[in-house]
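Trainee: My questions are about this predicted structure, shown below with the sequence.
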Amino acid sequence: MTDRINQNMDLGKLEGVMEAGFESFSNRNEDQCLLGTRTEILRDIIEWAMSPSQKSIFWLNGMAGTGKSTISRTVAGLLKDRNHLGANFFFKRGEGDRGNAKKFFPTLVKQLMLRISELRSGVQKALDHDPDIISKSPREQFEKLLLQPLLDLNQLGQQPQIVVIVIDALDECEHEQDIRNIIRLLPRLQMVKAVRLRIFLTSRPELPISLEFSEIGNREYQDLVLHEIPEEVTADDIYLFLQNRFAKIQHDRNISPDWPSDDVVQEIVTMSVPLFISAATVCRYIEHSKLEPTERLAELLKDSRRYAKKMDKTYRPILTRLLDDEESDESEQQLLLHQFQKIVGAIILLAVPLSTNALSLFLGIEVNQISNLLDSFRSVLSVPSDRDLPIRILHLSFRDFLVQTESDFLIDEPNKHKEIALLCIEKMRRLLRKDICNLEGFATRRADIDPQSLRRDHHSVLSEFLYDAKRFTLKNSQIADDAPLQLYCSGLIFAPKKAIESWNSEMQTLEGHSDWVRSVAFSSDGALLASASSDETVRLWDPATGELKQTLEGHSDSIWSVAFSPDGALLASASSDKTVRLWDPATGALMQTLGVNELVTDLKFGHDASYLITNLGSLDVQSESENYATSSNNVNPGIFIKQQWIKLNGKNVLWLPPGSRSNCFAINGNLLALGHASGLISFIGFQV
Ligand SMILES: Nc1ncnc2c1ncn2[C@@H]1O[C@H](COP(=O)(O)OP(=O)(O)OP(=O)(O)O)[C@@H](O)[C@H]1O
């Protein structure tokens, strides 16, 4: 009797952190998993705990707010009901000894003694031997208070019972070294044979924890990454959670049972996945007691960023810990903050996520500096160890939070976008090159470029995207010209769902004629398409862009046939008005009108463009020479215009764009004068 009193008094020295237990007063309002959620995960964890052949540690790893602690509480409760809960410690930063390792092992020992009474004498021995053990390092506490007394039990030769220790939120333990020590020490509990000890541990994927686990090797533990389980599974759970919370709001606030609609609930699910905390924050925002829930919800749906401020509790501590280093002084902190603004600011605002390596090139910051800074953000950013893979934000609320927080971590969105745009321009200036295919001369035509040399520069995702963009633009260019916002309705509605694969072979529809199109013809170089219509016009189009280049007006009846001359300098059209007209396709000028007695329905040029072959027989054309131009006496034979190309000594050197083409030209020495229909004359000088 005296012995036992004595023992109890000594064991009383074993001070634990009462509040760290999942059933403690301060945890009384914390949820467990709603029935029907996390069912598979919970089943797997309980099966792991009960099976003799499993690894001794289960690490549930998940980003901020994915629902780890809720699972821990549920696991602890389930194990307690089955009488297998040995001890539990829920770390919580900033709440006294719940936020450090000082009393971690004594707390576990204290609880384990209640579960395994045979442990008491060993613990008592340790306390007798070293009454100050409670103030010693975690390693010593572990060895003397926990491991040795448990090993002593081996001699009892009992049938081993299953005892599970639940440790939640190890990342919230204050000192990195303590965290690492705890992970390093736990596998040694496997030496204990009298009890089958299992450790269920949760944490965010923070660097010291990930590193330490990779160091102890996966023979010792199994893990589950909560933010990587299939999205639809989490979505189903969040859906159940929302339904449950909304039913409660309906009931408590006397709201009609059909509020909110299923579509709305689905919308919030999509907004939240994979963060349970996001769905929980939405509910807290809506159920705020002084405001009308239906209005709050409607407001939120209009502007989903509204609730991001409420994520302060989740995100602010991650940010402040960046600067929370006793060793760094004011100027170092300023530097860190500056780096944060540059690096994280770019990550959250870039339209397409970049890898660490690409980000380094883009921002002009050393790769290692970027990696170092990002190590502090592994709970909110997915930073792949392969530096060529993109860095992603786990949840958009992190971006929304940063662009509106009132702390020093505010990312000034408009200015940051400007900065990013300037960086893009600067990179383009520096990196883009003229003539990436090393073509031989300025007049090289596309048809003459070796496709192999294009493929060498080919980036498949980019080129697929460009192809897609080109098809979309071609298909919609006319409506974009007329009613631009139709791009977002008609353009999107009638675009194929999987654009890249499923554009059909119809490139584009050219709209403009108001009556039948009777005849179409390509110019021999393919640069123009002529269409003849019953609306009495011929239209000339650029087939590459769909742009209407010319409308040839003059005929007074249906036009039946069009044809280009072999060198493209002339266009002939035949109409019911009993004329055949010849046009200059470049300027649209009517060159000649030939009267015919009967209807010509079909025509084409003879080989030298001096006559037309029609359904009525051949027809002479008093065509002017190909370079339909006057030339002065002082002609430099080296300069010549042919088909909008200015040729120098027989080689194409300069192409005349449509706006610069002329009806006539003159050459004087090295000077070329072009006369335009507008009345202007332009000059081009050549060094021959
Ligand atoms: N299965 C669930 N059933 C009901 N509610 C849940 C569930 N999981 C999470 N929640 C809700 O989401 C909130 C956030 O979850 P929890 O605190 O477990 O996330 P966590 O991953 O531990 O976050 P942190 O990394 O910040 O510690 C909880 O407060 C709870 O309201």
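Mentor: The structure has been received and is ready for your questions.
Trainee: Return the set of buried residues in stretch 222-230.
Mentor: Neighbour counts over stretch 222-230 (16 or more other CB atoms under 10 Å) mark 223-224, 226-227, 229 as buried. Bear in mind the C-beta positions are built from the backbone N, C-alpha and C, glycine included.
Trainee: go on, stretch 600-614?
Mentor: Neighbour counts over stretch 600-614 (16+ other CB under 10 Å) mark 600-601, 603, 605, 609, 612, 614 as buried.
Trainee: Quick one: end-to-end distance for that stretch.
Mentor: End-to-end distance of stretch 600-614: 7 Å, with CA to CA, to the nearest Å as the criterion.
Trainee: same question, stretch 262-281
Mentor: First-to-last residue span, stretch 262-281, CA to CA: 19 Å.
Trainee: Next, the buried residues of it.
Mentor: Within stretch 262-281, judged by 16+ other CB under 10 Å, the buried ones are 264, 268-269, 271-281.
Trainee: These also near the ligand: which ones?
Mentor: Intersecting the buried residues of stretch 262-281 with the surroundings of the ligand, defined as CB under 6 Å from any ligand atom, gives 276-277, 280.
Trainee: got the CA coordinates for the strand or helix carrying residue 472 in CSV?
Mentor: Under the criterion of DSSP states H and E, residue 472 resides in helix 460-482. Taking Å, rounded to 0.1, in the frame of the first residue of the first chain, the C-alpha atoms of helix 460-482 are listed here in CSV:
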residue,chain,number,x,y,z
SER,A,460,5.0,19.7,-79.8
VAL,A,461,2.8,21.2,-77.2
LEU,A,462,3.4,24.7,-78.4
SER,A,463,3.0,23.8,-82.0
GLU,A,464,-0.2,21.9,-81.3
PHE,A,465,-1.5,24.9,-79.4
LEU,A,466,-0.5,27.2,-82.3
TYR,A,467,-2.2,25.0,-84.8
ASP,A,468,-5.3,25.1,-82.6
ALA,A,469,-5.2,28.8,-82.3
LYS,A,470,-4.7,29.2,-86.1
ARG,A,471,-7.7,27.0,-86.8
PHE,A,472,-9.8,28.9,-84.3
THR,A,473,-8.8,32.2,-85.8
LEU,A,474,-9.3,31.1,-89.4
LYS,A,475,-12.8,29.8,-88.6
ASN,A,476,-13.9,32.9,-86.7
SER,A,477,-12.0,35.7,-88.4
GLN,A,478,-15.0,37.1,-90.1
ILE,A,479,-17.3,37.2,-87.1
ALA,A,480,-14.4,38.7,-85.0
ASP,A,481,-14.2,41.5,-87.5
ASP,A,482,-17.9,42.1,-87.4
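Trainee: what mean pLDDT does that helix have?
Mentor: Here helix 460-482 scores 79 as its mean pLDDT.
Trainee: Now render the ones next to the ligand among the buried residues of stretch 262-281 as a markdown table, adding pLDDT and distance to residue 106.
Mentor: As requested, those are arranged in a markdown table below (pLDDT from 0 to 100; distance: CB to CB, whole Å):
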| residue | pLDDT | distance to residue 106 |
| --- | --- | --- |
| 276 | 94 | 32 |
| 277 | 92 | 31 |
| 280 | 91 | 33 |
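Trainee: if we can go back for a sec, state the pair within the buried residues of stretch 600-614 that is farthest apart.
Mentor: In terms of CB to CB, the buried residues of stretch 600-614 reach their longest pairwise distance at 601 and 609, which sit 20.8 Å apart.
Trainee: What distance do you get for the closest residue to residue 25 other than its chain neighbours to the ligand?
Mentor: Once its chain neighbours are removed from consideration, residue 25 has its nearest residue in residue 19; the separation is 7.2 Å (CB to CB, 6 or more residues apart in numbering). Counting by CB to the nearest ligand atom, to the nearest Å, the gap between residue 19 and the ligand amounts to 16 Å.
Trainee: And for residue 139, nearest residue in space, chain neighbours not counted?
Mentor: Residue 139 sits nearest to residue 181 (CB to CB, 6+ apart), 5.9 Å away.
Trainee: and if you look at residue 169?
Mentor: Here the nearest residue to residue 169 in space, its sequence neighbours aside, is residue 91; by CB to CB, 6+ apart that works out to 4.4 Å.
Trainee: number of nearby residues for that neighbour?
Mentor: For residue 91, the count of nearby residues is 26 (other CB atoms under 10 Å).
Trainee: Now the residue of the stretch 551-688 of the chain found nearest the ligand. Its backbone dihedrals?
Mentor: Scanning the stretch 551-688 of the chain for proximity to the ligand using CB to the nearest ligand atom identifies residue 657 as nearest, at 60.9 Å. Dihedral angles of residue 657 (phi, psi; degrees, to the nearest 10) stand at phi -70, psi 160.
Trainee: That one and residue 641, how far apart?
Mentor: Distance from residue 657 to residue 641, counting by CB to CB, to the nearest Å: 13 Å.
Trainee: Have a look at those two and say which one is more surrounded.
Mentor: For residue 657 versus residue 641, the count of surrounding residues by other CB under 10 Å is larger for residue 641: 22 against 8.
Trainee: next structured bit after the helix or strand harbouring the more buried one?
Mentor: Element membership for residue 641 (DSSP H and E) is strand 639-642. Secondary structure here is assigned by DSSP H and E; on that basis, the next helix or strand after strand 639-642 toward the C-terminus is strand 645-648.
Trainee: Would you mind writing the CA trace of that next one as CSV?
Mentor: Extracted as CSV, the C-alpha positions of strand 645-648 are listed here (Å, rounded to 0.1, in the frame of the first residue of the first chain):
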residue,chain,number,x,y,z
TRP,A,645,8.5,40.9,-106.2
ILE,A,646,11.2,43.4,-106.9
LYS,A,647,13.9,41.4,-108.5
LEU,A,648,17.6,42.3,-108.5
